[in-house]
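In: take this sequence and fold it.
(2 chains)
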There are 2 protein chains.
Amino acid sequence: MHQESAGSAQTAAAAEEAVRQLRRASRRIGSALLTYRPLVDAAWADELSGELRHLSGTLAREYRCSARQARLLAALHRLAVEGVGGDRAAALLERQHTLARSRAHSAALETLVSSRFHAVADAVAVLAYEVPLAPGAEQGSAAAVLVPLAERARERLVRAVEALPPPARVAARPQDGQEGHEVPQARGGHDLQNRQDTAWFEVRILLRHHRYAQEVLYAAGAPSEDVRPGGEQQGATGTHGPDQLLRAASAALDRYRDSVEAAEAAAAAARTPRIAPATAYALGVLHAGQRQEAEVARREFGTLWQQVIKDERTAGQKREAAQQAV
Amino acid sequence: MHQESAGSAQTAAAAEEAVRQLRRASRRIGSALLTYRPLVDAAWADELSGELRHLSGTLAREYRCSARQARLLAALHRLAVEGVGGDRAAALLERQHTLARSRAHSAALETLVSSRFHAVADAVAVLAYEVPLAPGAEQGSAAAVLVPLAERARERLVRAVEALPPPARVAARPQDGQEGHEVPQARGGHDLQNRQDTAWFEVRILLRHHRYAQEVLYAAGAPSEDVRPGGEQQGATGTHGPDQLLRAASAALDRYRDSVEAAEAAAAAARTPRIAPATAYALGVLHAGQRQEAEVARREFGTLWQQVIKDERTAGQKREAAQQAV
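Out: Numbering: from 1, shown residues only, chains lettered A, B, ... in the order given. You can find the predicted model right below:
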């Protein structure tokens, strides 16, 4: 289907959906193998999760290229950049993205017909009924076995969030009568920004691992109120609240990543030789706009995360109160 | 002093302070003549306030040019624009602003040695002991005469704020799981943005008139609790609260104006013929950054204004309760 997706719009949509499901499944299985690695044969888990990451990464490239192009052109259109250079910037971005997308498409195609892909598919098929468990993993309830490992994934996430650089305080209330008030932004330039982006991308991945680990817990029926260790575990209670919050937080970090990459693409396009100054100007405006959207997404994540933490605390207190009542 | 301000740093600083006080006084007297116009000879008031506005406008130009240059260079430095074109953009802006500033300096100088200026100075000196009052203006207490006119200035401001376009909702909470979330921004391009800026600039001026009208009330000892008409009048009670809030709101609108003008200056610089693409790119980033600061200043004003309205309501309720208790 992917090969024939140039054929018709219908085939293309179906192929896109199939690839999306493939990416989604690969991500989840790969992540579960990482989080619950001590329960299975380590060498086997490492190889399979590596292959799955490679697969989902390759398949994601084409999708992300399309999405980035759409994002940049929509932003250009929205900004309308005062009519100066916007059209030429759009044409330049379109040209560059079309090239990159067709390369990504070919790479995805090669992957999907490779013997490497078929080997992964076979390994995953086997996974459904025959998992090479580590010694002792079959003993104990699902809760006793799974929950501590899920908790470790959660702790890694919490630590990474706590280590994030403080957000730019653009909404800070001005001091009375203070002139020359500056909006604090990424000071210290590009290197600092890159380091910060890296830390945020890391949180994005760890949040995914946390969510997927919770999904496994939920599917295993592990996290009922009475098996939760130390009142710490949350987010997979089966109620919609925590799960929706985590998904929204994940979506904010996805937008963050998309904006950062779009900003980079705008900057890269501006380095194309022999472009007109007006085109470069429009790309500069575009770049800054995408960095701003990244900033907004960071703040959104911050708000959602505070809610996550607050909800966990409230749930913990409720459990303690219930235990004392017993 | 202004003429000799190129001489030494000390003279320059003293000249700058003198000019600042001159602007400040001109603005206040001109504004008071507008607000309280029905109390004085109309033709005389219109001429003098027109002259004072012209004076403060001319004197402000040099200051604003310096401030804008400093703002733009600081922003460029802060952004560091990935090392691409930032230095050349800074050099270009510096060149253009130096030229504009020296023109503004000459214009200010010409104004200060003109017979027109001396005529204004004479008129203001006369104002201190001999105001051509309108018939009937001498009757009634200061409260009865001044308060209704100050209230009109306040109402003009309130109406203008209420008519402002809704702010861009950049901090909007994302819908759960919604992909492709866009940050709403100035849609419809440059014309809409210009219209919005004009509306905000108008509010900035009306807020000043309101503040200066309140200062006059306060100086006249008018607004004691028992003379306030209809419980509507606020902001000049002698307590620090409302006055500080209004000053902070004014400062936010000043920052708004400064950012918008700096953004325009960056866009104008990018239209300089034969600049390098990298320079144009840096100016685009700079432009977008200044528009973002303008957006932040709008939101700051919005927050402060809500506080102003809330405080007025609370004060009104207290007064009503006190009256009922009597």
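In: domain assignment for chain A?
Out: As recorded under automatic domain parsing, the domains making up chain A are A:1-139, A:140-326.
In: so how far is the longest one off the chain centroid?
Out: In other words, domain A:140-326. Offset of domain A:140-326 from its chain centre (CA atoms, centre = their mean, to the nearest Å): 9 Å.
In: just the C-alpha atoms of stretch A:193-209, please, in PDB.
Out: Coordinates of the C-alpha atoms in stretch A:193-209 are reproduced here as PDB (Å, rounded to 0.1, in the frame of the first residue of the first chain):
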ATOM      1  CA  GLN A 193      18.800  26.900  23.500                       C
ATOM      2  CA  ASN A 194      20.000  23.600  22.100                       C
ATOM      3  CA  ARG A 195      20.900  22.300  25.500                       C
ATOM      4  CA  GLN A 196      17.400  23.300  26.800                       C
ATOM      5  CA  ASP A 197      15.700  21.700  23.800                       C
ATOM      6  CA  THR A 198      17.600  18.500  24.400                       C
ATOM      7  CA  ALA A 199      16.400  18.400  28.000                       C
ATOM      8  CA  TRP A 200      12.800  18.900  26.900                       C
ATOM      9  CA  PHE A 201      13.000  16.300  24.200                       C
ATOM     10  CA  GLU A 202      14.300  13.900  26.800                       C
ATOM     11  CA  VAL A 203      11.200  14.600  29.000                       C
ATOM     12  CA  ARG A 204       9.000  14.100  26.000                       C
ATOM     13  CA  ILE A 205      10.400  10.500  25.500                       C
ATOM     14  CA  LEU A 206      10.300   9.700  29.300                       C
ATOM     15  CA  LEU A 207       6.700  10.900  29.500                       C
ATOM     16  CA  ARG A 208       5.900   8.400  26.600                       C
ATOM     17  CA  HIS A 209       7.600   5.600  28.500                       C
END
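In: can the domains of chain A go into TSV with extra columns for mean pLDDT and distance to chain B?
Out: All C-beta spots, glycine's among them, are computed from the backbone N, C-alpha and C. TSV is the format used below for these (pLDDT from 0 to 100; distance: least, CB to the nearest CB, whole Å):
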stretch	mean pLDDT	distance to chain B
domain A:1-139	89	3
domain A:140-326	81	2
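In: list the buried residues for the helix or strand harbouring A:Val158?
Out: Secondary structure from DSSP states H and E places A:Val158 in helix A:142-162. Across helix A:142-162, burial judged by 16 or more other CB atoms under 10 Å in any protein chain shown covers A:143, A:145-147, A:149-151, A:153-154, A:156-158, A:160-161.
In: tell me the buried residues in whichever helix or strand comes after it?
Out: Where DSSP H and E defines the elements, the next helix or strand beyond helix A:142-162 is helix A:189-219. Neighbour-count burial for helix A:189-219 flags A:189, A:193, A:196-197, A:200, A:202-204, A:206-217 (criterion: 16+ other CB under 10 Å).
In: can you name every helix or strand that the helix holding A:Val158 contacts?
Out: helix A:9-35, helix A:189-219 (3 or more CB pairs under 8 Å, 6 or more residues apart in numbering or on different chains; DSSP states H and E).
In: for B:Leu99, find the nearest of these.
Out: Nearest to B:Leu99, of all these, is helix A:189-219, at 29.0 Å by CB to CB.
In: helices and strands around that closest one, which ones?
Out: Judged by 3+ CB pairs under 8 Å, 6+ apart, the packing partners of helix A:189-219 are helix A:9-35, helix A:142-162, helix A:240-270.
In: tell me the angle of the second one relative to helix A:240-270?
Out: So the one you mean is helix A:142-162. Angle, helix A:142-162 to helix A:240-270, by axes from the mean of the first three to the mean of the last three CA atoms, to 10 degrees: 40 degrees.
In: would you put the C-alpha positions of helix A:142-162 in CSV?
Out: What follows is helix A:142-162, C-alpha atoms only, in CSV (Å, rounded to 0.1, in the frame of the first residue of the first chain):
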residue,chain,number,x,y,z
ALA,A,142,1.1,-8.9,37.9
ALA,A,143,1.0,-6.0,40.4
ALA,A,144,4.0,-7.2,42.4
VAL,A,145,6.0,-7.8,39.2
LEU,A,146,5.0,-4.9,37.0
VAL,A,147,4.3,-2.0,39.4
PRO,A,148,7.8,-1.5,40.7
LEU,A,149,9.2,-1.3,37.2
ALA,A,150,6.5,1.2,36.1
GLU,A,151,7.2,3.2,39.2
ARG,A,152,10.9,3.5,38.1
ALA,A,153,9.8,4.8,34.7
ARG,A,154,7.6,7.4,36.5
GLU,A,155,10.5,8.4,38.8
ARG,A,156,12.8,8.9,35.8
LEU,A,157,10.2,11.2,34.3
VAL,A,158,9.7,13.2,37.5
ARG,A,159,13.4,13.7,38.0
ALA,A,160,13.9,14.8,34.4
VAL,A,161,11.0,17.3,34.7
GLU,A,162,12.4,18.7,38.0
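In: that helix versus helix A:9-35: what angle between them?
Out: Angle of helix A:142-162 versus helix A:9-35, following the same axes, to 10 degrees, is 100 degrees.
In: also the last one?
Out: Orientation check (the same axes, to 10 degrees): helix A:240-270 against helix A:9-35 gives 110 degrees.
In: coming back round to it: mind checking which of the domains of chain A is nearest B:Gln10?
Out: Closest among these, using CB to CB: domain A:140-326, at 21.8 Å.
In: so where's the longest helix in chain A?
Out: For chain A, the longest helix by residue count, based on DSSP state H, is helix A:277-325.
In: what's the angle between that helix and helix B:240-270?
Out: Helix A:277-325 runs at 140 degrees relative to helix B:240-270, counting by the same axes, to 10 degrees.
In: show me what helix A:277-325 packs onto, helices and strands only.
Out: So helix A:277-325, by 3+ CB pairs under 8 Å, 6+ apart, packs with helix A:42-79, helix A:86-112, helix A:240-270, helix B:240-270, helix B:277-325.
In: so which of those gets nearest B:Leu109?
Out: Closest of these to B:Leu109 is helix B:240-270, at 22.7 Å (criterion: CB to CB).
In: do that closest one and chain A meet?
Out: Yes: counting by CB under 8 Å from any CB of the partner chain, chain A has neighbours in helix B:240-270: B:Gln244, B:Arg247, B:Ala248, B:Ala251, B:Ala252, B:Asp254, B:Arg255, B:Ala267, B:Ala270.
In: just the angle between that helix and helix B:42-79, please?
Out: Interaxial angle, helix B:240-270 versus helix B:42-79 (the same axes, to 10 degrees): 70 degrees.
In: got the buried residues for helix B:240-270?
Out: Per 16+ other CB under 10 Å, helix B:240-270 contains these buried residues: B:242-243, B:245-267, B:269-270.
In: what's the end-to-end length of stretch A:122-137?
Out: From its first residue to its last, stretch A:122-137 covers 23 Å (CA to CA, to the nearest Å).
In: what about the closest residue to A:Cys65 other than its chain neighbours, neighbour count?
Out: Closest residue in space to A:Cys65, ignoring its immediate chain neighbours: A:Arg101 at 4.3 Å, by CB to CB, 6 or more residues apart in numbering or on different chains. A:Arg101: 18 surrounding residues under other CB atoms under 10 Å in any protein chain shown.
In: contact partners for A:Arg101?
Out: By CB atoms under 8 Å, 6 or more residues apart in numbering or on different chains, the contact set of A:Arg101 is A:Glu62, A:Cys65, A:Ser66, A:Gln69.
In: distance check, it against A:Leu286.
Out: Going from A:Arg101 to A:Leu286 by CB to CB, to the nearest Å gives 19 Å.
In: next one: A:Arg208
Out: 28 Å.
In: which of the residues of helix B:240-270 next to chain A lies closest to B:Val113?
Out: Nearest to B:Val113 among those, with distances taken as CB to CB, is B:Asp254, at 29.0 Å.
In: correct me, but that closest one touches B:Arg204?
Out: Yes: between B:Asp254 and B:Arg204 there is a contact at 7.2 Å, judged by CB atoms under 8 Å.
In: could you pull up phi and psi at A:Gly221?
Out: When read as degrees, to the nearest 10, the backbone of A:Gly221 gives phi 70, psi 20.
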